[in-house]
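In: whatever this is, show me its structure:
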Amino acid sequence: MSTLRVALVQQATVWEDPAANLAKARDFVAEAARAGARVVVFPELATTGFTMAPEGFAEPLPGHTTEAFAALAREFGLTVIGTAVEAHAPHPRNAAFALAPDGSLAAIYRKLHPFTYGEEHRHYVGGDDCPVFDVDGLPCGLQICYDLRFPEPFRALAAKGAEIVFLPANWPARRIDAWSTLLAARAIENQMALCGVNRVGRDPLAEYPGRSAILDPFGVPIATGGSEEGLVVGEIDLTKLRTWRERFPALQDRRPEVYGRL
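Out: Numbers count the residues shown, from 1 in each chain. Below is the predicted model of the structure:
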(Lines give C-alpha, C1' and ligand atoms only; values in the text may rest on other atoms or scores of the structure.)
Protein backbone atom coordinates (compact mmCIF):
# COMPACT_ATOMS: atom_id res chain seq x y z
CA MET A 1 0.00 0.00 0.00
CA SER A 2 1.43 3.39 -1.00
CA THR A 3 -1.12 5.66 0.69
CA LEU A 4 -3.43 5.63 3.71
CA ARG A 5 -6.53 7.80 4.01
CA VAL A 6 -7.25 8.81 7.61
CA ALA A 7 -10.26 10.57 9.15
CA LEU A 8 -9.90 12.45 12.45
CA VAL A 9 -13.10 13.06 14.44
CA GLN A 10 -13.20 16.58 15.88
CA GLN A 11 -15.92 15.70 18.33
CA ALA A 12 -17.80 18.01 20.70
CA THR A 13 -17.78 15.42 23.47
CA VAL A 14 -20.82 15.31 25.77
CA TRP A 15 -19.51 15.54 29.31
CA GLU A 16 -19.52 12.21 31.17
CA ASP A 17 -22.29 10.76 28.98
CA PRO A 18 -21.05 7.60 27.23
CA ALA A 19 -24.45 6.76 25.75
CA ALA A 20 -24.78 10.16 24.06
CA ASN A 21 -21.24 10.03 22.70
CA LEU A 22 -21.58 6.48 21.40
CA ALA A 23 -24.84 7.49 19.69
CA LYS A 24 -22.87 10.14 17.76
CA ALA A 25 -20.03 7.77 16.89
CA ARG A 26 -21.84 5.80 14.20
CA ASP A 27 -22.52 8.91 12.12
CA PHE A 28 -18.86 9.88 12.28
CA VAL A 29 -17.68 6.42 11.23
CA ALA A 30 -20.24 6.27 8.43
CA GLU A 31 -19.06 9.66 7.14
CA ALA A 32 -15.43 8.52 7.32
CA ALA A 33 -16.27 5.43 5.28
CA ARG A 34 -18.05 7.55 2.66
CA ALA A 35 -14.91 9.71 2.46
CA GLY A 36 -12.86 6.62 1.66
CA ALA A 37 -10.95 6.54 4.94
CA ARG A 38 -9.27 3.32 6.02
CA VAL A 39 -8.81 4.61 9.61
CA VAL A 40 -11.05 6.79 11.79
CA VAL A 41 -9.61 8.25 15.00
CA PHE A 42 -11.62 9.66 17.92
CA PRO A 43 -10.26 12.17 20.47
CA GLU A 44 -9.06 11.29 23.96
CA LEU A 45 -11.75 9.78 26.21
CA ALA A 46 -14.34 10.41 23.53
CA THR A 47 -17.11 8.64 25.45
CA THR A 48 -16.69 10.61 28.69
CA GLY A 49 -14.55 13.70 28.19
CA PHE A 50 -11.37 14.26 30.21
CA THR A 51 -13.01 13.23 33.45
CA MET A 52 -11.25 13.33 36.81
CA ALA A 53 -13.89 10.97 38.23
CA PRO A 54 -12.90 7.88 36.25
CA GLU A 55 -13.93 5.16 38.67
CA GLY A 56 -17.57 5.35 37.62
CA PHE A 57 -16.61 4.77 33.98
CA ALA A 58 -13.83 2.21 34.43
CA GLU A 59 -14.18 -1.05 32.53
CA PRO A 60 -11.99 -3.97 31.49
CA LEU A 61 -10.45 -3.82 28.03
CA PRO A 62 -11.74 -5.39 25.93
CA GLY A 63 -15.10 -4.32 27.30
CA HIS A 64 -18.36 -2.67 26.32
CA THR A 65 -16.69 0.41 24.78
CA THR A 66 -14.38 -1.60 22.56
CA GLU A 67 -17.31 -3.86 21.66
CA ALA A 68 -19.38 -0.84 20.57
CA PHE A 69 -16.56 0.52 18.39
CA ALA A 70 -15.72 -2.98 17.10
CA ALA A 71 -19.28 -3.27 15.79
CA LEU A 72 -18.73 -0.05 13.83
CA ALA A 73 -15.38 -1.29 12.52
CA ARG A 74 -17.08 -4.43 11.21
CA GLU A 75 -20.10 -2.60 9.82
CA PHE A 76 -18.04 -0.13 7.80
CA GLY A 77 -14.92 -2.22 7.19
CA LEU A 78 -12.27 0.15 8.54
CA THR A 79 -9.91 0.53 11.50
CA VAL A 80 -11.34 2.44 14.46
CA ILE A 81 -9.12 4.07 17.10
CA GLY A 82 -10.66 5.25 20.36
CA THR A 83 -9.96 5.58 24.07
CA ALA A 84 -11.60 4.45 27.28
CA VAL A 85 -11.14 4.41 31.04
CA GLU A 86 -9.57 1.03 31.76
CA ALA A 87 -10.20 -0.61 35.14
CA HIS A 88 -6.95 -1.04 37.05
CA ALA A 89 -5.70 -0.91 40.66
CA PRO A 90 -4.92 1.32 42.47
CA HIS A 91 -6.33 3.72 39.85
CA PRO A 92 -7.79 3.33 36.34
CA ARG A 93 -5.71 3.87 33.21
CA ASN A 94 -6.33 6.24 30.30
CA ALA A 95 -6.11 3.76 27.44
CA ALA A 96 -6.25 3.96 23.65
CA PHE A 97 -7.25 1.02 21.49
CA ALA A 98 -7.15 0.10 17.82
CA LEU A 99 -9.82 -2.15 16.31
CA ALA A 100 -9.21 -3.84 12.97
CA PRO A 101 -11.86 -3.88 10.21
CA ASP A 102 -12.97 -7.34 11.37
CA GLY A 103 -13.55 -5.96 14.88
CA SER A 104 -10.55 -7.69 16.43
CA LEU A 105 -8.46 -5.81 18.97
CA ALA A 106 -5.18 -4.85 17.29
CA ALA A 107 -3.59 -2.90 20.16
CA ILE A 108 -4.11 -1.31 23.56
CA TYR A 109 -1.90 1.57 24.65
CA ARG A 110 -1.98 3.05 28.16
CA LYS A 111 -1.08 6.74 28.40
CA LEU A 112 2.48 6.85 29.69
CA HIS A 113 2.39 10.34 31.17
CA PRO A 114 -0.58 11.34 33.35
CA PHE A 115 -1.07 15.10 33.15
CA THR A 116 0.10 16.20 36.61
CA TYR A 117 -0.64 19.89 35.93
CA GLY A 118 -4.31 18.87 35.64
CA GLU A 119 -4.00 16.34 38.52
CA GLU A 120 -4.58 13.38 36.22
CA HIS A 121 -1.90 11.52 38.19
CA ARG A 122 -4.20 11.53 41.24
CA HIS A 123 -6.87 9.59 39.35
CA TYR A 124 -5.05 7.52 36.69
CA VAL A 125 -2.00 5.27 36.60
CA GLY A 126 0.44 5.55 33.70
CA GLY A 127 1.24 2.69 31.35
CA ASP A 128 4.64 1.17 30.62
CA ASP A 129 4.70 0.07 26.96
CA CYS A 130 4.46 1.45 23.41
CA PRO A 131 3.10 -1.30 21.17
CA VAL A 132 3.41 -1.28 17.39
CA PHE A 133 0.48 -2.68 15.42
CA ASP A 134 -0.52 -3.01 11.78
CA VAL A 135 -3.11 -0.99 9.88
CA ASP A 136 -3.53 -2.50 6.42
CA GLY A 137 0.00 -3.89 6.78
CA LEU A 138 1.53 -0.56 7.87
CA PRO A 139 3.39 -0.36 11.22
CA CYS A 140 1.67 2.15 13.50
CA GLY A 141 1.78 3.40 17.08
CA LEU A 142 -0.41 5.22 19.59
CA GLN A 143 0.18 8.07 22.03
CA ILE A 144 -2.29 10.19 24.03
CA CYS A 145 -2.43 13.99 24.48
CA TYR A 146 0.21 15.00 27.11
CA ASP A 147 2.53 12.28 25.77
CA LEU A 148 3.16 14.69 22.89
CA ARG A 149 5.44 16.76 25.14
CA PHE A 150 7.84 13.82 25.57
CA PRO A 151 10.03 12.85 22.59
CA GLU A 152 11.18 9.52 24.04
CA PRO A 153 8.10 7.34 23.32
CA PHE A 154 7.88 8.62 19.75
CA ARG A 155 11.53 7.77 19.22
CA ALA A 156 10.91 4.34 20.75
CA LEU A 157 8.08 3.78 18.28
CA ALA A 158 10.27 4.92 15.39
CA ALA A 159 13.00 2.53 16.50
CA LYS A 160 10.42 -0.26 16.42
CA GLY A 161 9.60 0.63 12.82
CA ALA A 162 6.42 2.69 13.27
CA GLU A 163 5.67 4.85 10.23
CA ILE A 164 2.46 6.47 11.51
CA VAL A 165 1.48 7.51 15.03
CA PHE A 166 -2.11 8.33 16.03
CA LEU A 167 -2.54 10.72 18.95
CA PRO A 168 -6.03 11.31 20.45
CA ALA A 169 -6.14 14.42 22.65
CA ASN A 170 -8.11 16.87 24.74
CA TRP A 171 -5.73 19.81 24.21
CA PRO A 172 -7.04 23.14 25.55
CA ALA A 173 -7.23 26.41 23.63
CA ARG A 174 -4.83 28.27 25.93
CA ARG A 175 -1.95 25.98 24.87
CA ILE A 176 -2.91 25.31 21.26
CA ASP A 177 0.23 26.88 19.76
CA ALA A 178 2.31 24.28 21.60
CA TRP A 179 0.09 21.56 20.11
CA SER A 180 0.87 22.55 16.52
CA THR A 181 4.59 23.02 17.21
CA LEU A 182 5.00 19.71 19.02
CA LEU A 183 3.08 17.74 16.40
CA ALA A 184 5.46 19.07 13.74
CA ALA A 185 8.53 18.40 15.89
CA ARG A 186 7.61 14.79 16.62
CA ALA A 187 6.95 14.15 12.91
CA ILE A 188 10.19 15.77 11.73
CA GLU A 189 12.55 14.25 14.28
CA ASN A 190 11.22 10.72 13.72
CA GLN A 191 10.56 10.97 9.97
CA MET A 192 7.04 9.66 10.53
CA ALA A 193 3.49 10.71 9.73
CA LEU A 194 1.59 12.01 12.73
CA CYS A 195 -2.20 12.16 13.16
CA GLY A 196 -3.24 14.34 16.08
CA VAL A 197 -6.98 14.54 16.77
CA ASN A 198 -8.28 17.11 19.24
CA ARG A 199 -11.82 17.61 20.48
CA VAL A 200 -13.86 20.82 20.13
CA GLY A 201 -16.31 22.57 22.45
CA ARG A 202 -16.18 23.02 26.22
CA ASP A 203 -16.28 20.94 29.38
CA PRO A 204 -16.18 22.06 33.04
CA LEU A 205 -12.38 22.23 32.83
CA ALA A 206 -11.47 23.95 29.57
CA GLU A 207 -12.29 25.10 26.06
CA TYR A 208 -11.02 22.98 23.16
CA PRO A 209 -10.32 24.48 19.72
CA GLY A 210 -9.85 21.43 17.50
CA ARG A 211 -6.95 22.17 15.14
CA SER A 212 -6.59 18.43 14.47
CA ALA A 213 -3.89 17.72 11.92
CA ILE A 214 -2.37 15.01 9.75
CA LEU A 215 1.31 15.77 9.14
CA ASP A 216 3.85 14.28 6.76
CA PRO A 217 7.41 13.35 7.85
CA PHE A 218 8.58 16.90 7.06
CA GLY A 219 6.10 18.28 9.61
CA VAL A 220 4.00 19.75 6.81
CA PRO A 221 0.23 19.51 7.33
CA ILE A 222 -1.59 17.23 4.88
CA ALA A 223 -4.95 18.19 6.39
CA THR A 224 -5.93 20.47 9.27
CA GLY A 225 -9.13 21.25 11.11
CA GLY A 226 -10.64 24.44 12.44
CA SER A 227 -12.78 24.77 15.56
CA GLU A 228 -15.94 23.12 14.22
CA GLU A 229 -17.20 19.62 14.96
CA GLY A 230 -16.67 17.24 12.06
CA LEU A 231 -14.07 15.19 10.21
CA VAL A 232 -10.56 16.12 9.10
CA VAL A 233 -9.58 13.78 6.26
CA GLY A 234 -6.20 13.40 4.62
CA GLU A 235 -4.14 10.96 2.57
CA ILE A 236 -0.70 9.93 3.85
CA ASP A 237 1.85 9.19 1.13
CA LEU A 238 3.84 6.22 2.42
CA THR A 239 6.11 6.17 -0.63
CA LYS A 240 7.18 9.73 0.16
CA LEU A 241 7.82 8.81 3.79
CA ARG A 242 9.88 5.73 3.00
CA THR A 243 11.85 7.47 0.26
CA TRP A 244 12.78 10.25 2.69
CA ARG A 245 13.93 7.75 5.33
CA GLU A 246 16.08 5.98 2.73
CA ARG A 247 17.57 9.15 1.24
CA PHE A 248 18.22 10.83 4.59
CA PRO A 249 18.64 8.03 7.18
CA ALA A 250 18.95 10.31 10.19
CA LEU A 251 17.64 7.70 12.60
CA GLN A 252 20.63 5.51 11.77
CA ASP A 253 22.96 8.26 13.01
CA ARG A 254 21.66 8.06 16.56
CA ARG A 255 24.18 7.15 19.30
CA PRO A 256 22.10 5.55 22.07
CA GLU A 257 25.23 4.14 23.74
CA VAL A 258 26.26 7.73 24.46
CA TYR A 259 22.84 9.08 25.41
CA GLY A 260 22.57 6.68 28.32
CA ARG A 261 25.64 8.25 29.96
CA LEU A 262 24.42 11.84 29.63
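In: what residues are up against the closest residue in space to W179 that isn't next to it in sequence?
Out: With Cβ to Cβ, 6 or more residues apart in numbering as the criterion, W179 has its nearest non-adjacent residue at 4.7 Å, and that residue is W171. In this view, the C-beta of every residue, glycine as well, is placed from N, C-alpha and C. The neighbourhood of W171, defined by Cβ atoms under 8 Å, 6 or more residues apart in numbering, consists of 145, 179, 198, 208, 211.
In: for I188, same thing?
Out: When contacts are counted by Cβ under 8 Å, 6+ apart, I188 touches 217-219.
In: for whichever strand or helix holds it, buried residues please.
Out: Element membership for I188 (DSSP states H and E) is helix 176-190. Residues of helix 176-190 classed as buried under the neighbour-count rule (16 or more other Cβ atoms under 10 Å) are 176, 179-180, 182-184, 186-190.
In: from the chain's centroid, how far away is that helix?
Out: When distances are taken as Cα atoms, centre = their mean, to the nearest Å, helix 176-190 is centred 14 Å away from the chain's centroid.
In: can you pull up the most central residue in this protein?
Out: Centroid-nearest residue in the chain: L167, 2.4 Å away (criterion: Cα atoms, centre = their mean).
In: relative to W15, how far out is that residue?
Out: 22 Å (Cβ to Cβ, to the nearest Å).
In: how about F133?
Out: Relative to W15, and taking Cβ to Cβ, F133 is found at 30 Å.
In: looking at the two, which one has more neighbours?
Out: Taking neighbours as other Cβ atoms under 10 Å, F133 and W15 compare with F133 leading, 19 against 15.
In: quick one: residues contacting the residue lying closest to L142 once chain neighbours are set aside.
Out: Once its chain neighbours are removed from consideration, L142 has its nearest residue in Y109; the separation is 3.8 Å (Cβ to Cβ, 6+ apart). Y109 makes contacts with 95-97, 127, 129-131, 141-144, as judged by Cβ under 8 Å, 6+ apart.
In: closest one of those residues to A19?
Out: Taking Cβ to Cβ as the measure, A19 lies nearest F97 of those, at 19.0 Å.
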